[in-house]
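Visitor: Provided below are the primary sequence and the corresponding predicted coordinates.
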Protein chains: 2
Amino acid sequence: MSKILVFGHQNPDTDAIGAAIAFSHLQNELGNETEAVALGTPNEETQYALDHFQLSAPRVVESAKAENADVMLVDHNEFQQSISDISEVNILAVVDHHRIANFETANPLYYRAEPVGCTSTIILKLYKENQVTIPKEIAGIMLSAIISDTLLFKSPTCTPEDEAAAKELAAIAEVDLTAYGLEMLKAGTNLSDKSAAVLLDLDAKSFPMGSSNVRIAQVNTVDLNEVMDRQAELEAAMEEEMKANGYDLFVLVVTNILDSDSELLVAGKGKEKVEEAFQTTLTNNRALLKGVVSRKKQVVPHLTAVFS
Amino acid sequence: MSKILVFGHQNPDTDAIGAAIAFSHLQNELGNETEAVALGTPNEETQYALDHFQLSAPRVVESAKAENADVMLVDHNEFQQSISDISEVNILAVVDHHRIANFETANPLYYRAEPVGCTSTIILKLYKENQVTIPKEIAGIMLSAIISDTLLFKSPTCTPEDEAAAKELAAIAEVDLTAYGLEMLKAGTNLSDKSAAVLLDLDAKSFPMGSSNVRIAQVNTVDLNEVMDRQAELEAAMEEEMKANGYDLFVLVVTNILDSDSELLVAGKGKEKVEEAFQTTLTNNRALLKGVVSRKKQVVPHLTAVFS
């Protein structure tokens, strides 16, 4: 057996990568031999955070079986969001803050989920429960994950625990929370040099809903128009992705992190369901959703409800 | 909304009922309004423990929807082991020590699983993490659950954590662990007033193995002879069950909880496979297996191997 692989979901965001680094470090301190890896390369926001705290990006892996490794999952559990051969390997642990679905194991395991805004908030608890000291750079990447997942505490997914954890981690990481947080979030909104295909894949997840395969991508921006000016190009890329991957419906959520609003761009079958879900009317395949910033809490449940 | 219902699996054992009582009490102390309920009446072992610590048996419920209640699960997660309408209600929390399968939620939840011998061992941790004092009678029923699930630490499913938890709880409950444990386990071995059919159904599960349908029942006793004196009656009942339910092979595992040995009584097709699995010879359809007490860890895997 090789080292145990610790990783977050496909299309990794800052929590997927940060929680993997932090949980792997904790496990190693507890005597397990683990390696933090990732199912993709860091996005610009995550890279900004890694650079700031002088951490290397985790090695990208595509198969756990190929390395003869047991695995630990962070920030996800649904098999379709995980490594390709997840159903063939032994899952030792999961730390997550999402719903549980399309997940099963042959053996008892360690599973820790809490309905908080960020996996790294839970991992801070695990460090404390195990009385392990958090190194400065690990605190920094955990802090970055909380800022990212909660959009600096503006997302409705954010709980008082997330905010308290961020403050505690900022002290260990020796950064000014708000100043660092805004810089980091802005680093992830540089979309102009990205192709439509890249943009759609920055933070995208698939969800089986009823008999439909729904793809929901999210991009953060400080200017909705900058993204929506590229509507034709985006719609063409969405159609291509749907054809290539068998998605029935593609929903792009463009989120203004300064105003805490989102605009939807929708392609595929089921546009009337999107209208029903958000009690809105699509105009030119678009709709503005005031106060919506969380895919998990404000988008997925509404869509799930109308599809089931 | 009514009180949140907290319950363990169908055909409840001492952990299913004890963990529900203990977790419900903890949740109430934390400010939630919950009620410990059960999906069946206590068996004799559990009733002994409840009586000893002057606790009432939880109310039996058959539907969560009928009470308009959210739910918290202990000691199980697989929907087929849960309340009949589990897929239609909101699951807020799970505390368990089994594999995860046939389980899903629409929303993020609290999920705490650890690969230990008993759910109540995990619940003791939760009391500590939340700095809630455990009342004497609650400590008693949690202790009883650990003794039951680990057969007083003799089962291979028992971990050092379970044993340490039991010692800690015995001190709070003010009982002599070994003396109380043996009395409680013995209370569950009162088989003399049960018909052979009832005895075969106390704790029985079916397993598809290769092309065979194998039924494995287990009963605990402090005197193997007391059970084996009824061999003819038991064999007749096994034949009847096989005919009625299409089992190919019926294995009754009679476990002496004092000596930690088991005697098999075997009926049906595949006796030579039983001999191969346990490298033994059946005499008069019986064989003594030294040190075998766990169906899950010491019986099913060996049989599965020779049938596949």
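Guide: Noted; the coordinates are in hand. Residues are numbered from 1 along each chain as shown, chains lettered A, B, ... in the order given.

Visitor: how many neighbouring residues does whichever residue of the stretch 151-300 of chain A sits closest to chain B have?
Guide: In the stretch 151-300 of chain A, the residue found nearest to chain B is residue A:296; the distance is 7.3 Å by C-beta to the nearest C-beta. Backbone N, C-alpha and C define where each C-beta goes, glycine included. Residues near residue A:296, counting by other C-beta atoms under 10 Å in any protein chain shown, number 20.

Visitor: correct me, but it touches residue A:157?
Guide: Yes: applying C-beta atoms under 8 Å as the test, residue A:296 and residue A:157 come out as touching, 5.9 Å apart.

Visitor: re the thing from before, just the pLDDT at the residue of the stretch 151-300 of chain A closest to chain B, thanks.
Guide: Residue A:296 is assigned a pLDDT of 86 by the prediction.

Visitor: can you check residue A:202 too?
Guide: pLDDT recorded at residue A:202 is 87.

Visitor: that one against residue A:12, yeah?
Guide: No: counting by C-beta under 8 Å, residue A:202 stays clear of residue A:12, with 10.3 Å between them.

Visitor: shared neighbours of the two, which are they?
Guide: Jointly contacting residue A:202 and residue A:12 under the rule C-beta atoms under 8 Å, 6 or more residues apart in numbering or on different chains are residue A:43.

Visitor: between these two, tell me which one has more neighbours.
Guide: In this view residue A:202 and residue A:12 are compared by other C-beta under 10 Å, and residue A:12 has more residues nearby, 26 against 18.

Visitor: show me the contacts for that one.
Guide: For residue A:12, the contacting residues are A:38-43, A:46, by C-beta under 8 Å, 6+ apart.

Visitor: neighbour-wise, which of those residues leads?
Guide: Ranked by the number of neighbours (other C-beta under 10 Å), those place residue A:46 first, at 26 neighbours.

Visitor: right, and it touches residue A:19 too?
Guide: No: with contact defined as C-beta under 8 Å, residue A:46 does not reach residue A:19; the gap is 11.5 Å.

Visitor: sorry, back to before: just the ones of the contacts of residue A:12 in helices?
Guide: residue A:46 (DSSP state H).

Visitor: pop the domain breakdown of chain A in here.
Guide: Chain A breaks down by the TED database into domains covering A:4-189, A:196-307.

Visitor: tell me which of the ones you listed is the most buried.
Guide: Mean neighbour count (mean count of other C-beta atoms under 10 Å in any protein chain shown) peaks for domain A:4-189 among these, with a mean of 21.

Visitor: end to end on that one, go ahead and measure it.
Guide: One end of domain A:4-189 to the other measures 34 Å (C-alpha to C-alpha, to the nearest Å).

Visitor: how about stretch A:151-166?
Guide: End-to-end span of stretch A:151-166 (C-alpha to C-alpha): 12 Å.

Visitor: can you give me how far that stretch is from the chain middle?
Guide: 15 Å (C-alpha atoms, centre = their mean, to the nearest Å).

Visitor: what's near enough to touch the nearest residue to residue A:177 once chain neighbours are set aside?
Guide: In space, and not counting its chain neighbours, residue A:177 is closest to residue A:170: 4.2 Å by C-beta to C-beta, 6 or more residues apart in numbering or on different chains. Each residue near residue A:170 by C-beta under 8 Å, 6+ apart is listed here: A:139, A:143, A:176-177, A:180.

Visitor: can you check residue A:117 too?
Guide: Residue A:117 touches A:97, A:146, A:149-150, A:155, A:157-159, A:162, counting by C-beta under 8 Å, 6+ apart.

Visitor: re the thing from before, return the member of the contacts of residue A:12 nearest to chain B.
Guide: Closest to chain B, out of all of these and judged by C-beta to the nearest C-beta, is residue A:39, at 21.0 Å.

Visitor: now do the same contact list for the closest one.
Guide: Contacts of residue A:39 by C-beta under 8 Å, 6+ apart are A:7-12, A:16, A:60-62, A:82-83.

Visitor: now it. Its backbone dihedrals?
Guide: Taking degrees, to the nearest 10, you get phi -100, psi 20 for the backbone angles of residue A:39.

Visitor: around chain B, pick out the residues from the stretch 1-150 of chain A.
Guide: Residues of the stretch 1-150 of chain A lying near chain B by C-beta under 8 Å from any C-beta of the partner chain: A:97-115, A:129.

Visitor: widest-spaced pair of the contacts of residue A:39?
Guide: Greatest spacing in the contacts of residue A:39, by C-beta to C-beta: A:16 and A:62 (15.4 Å).

Visitor: low-confidence ranges in chain A?
Guide: For chain A, no stretch has pLDDT under 70.

Visitor: mind putting the domains of chain A into CSV with distance to residue B:266?
Guide: Output for the domains of chain A, formatted as CSV (distance: least, C-beta to C-beta, whole Å):
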stretch, distance to residue B:266
domain A:4-189, 27
domain A:196-307, 44
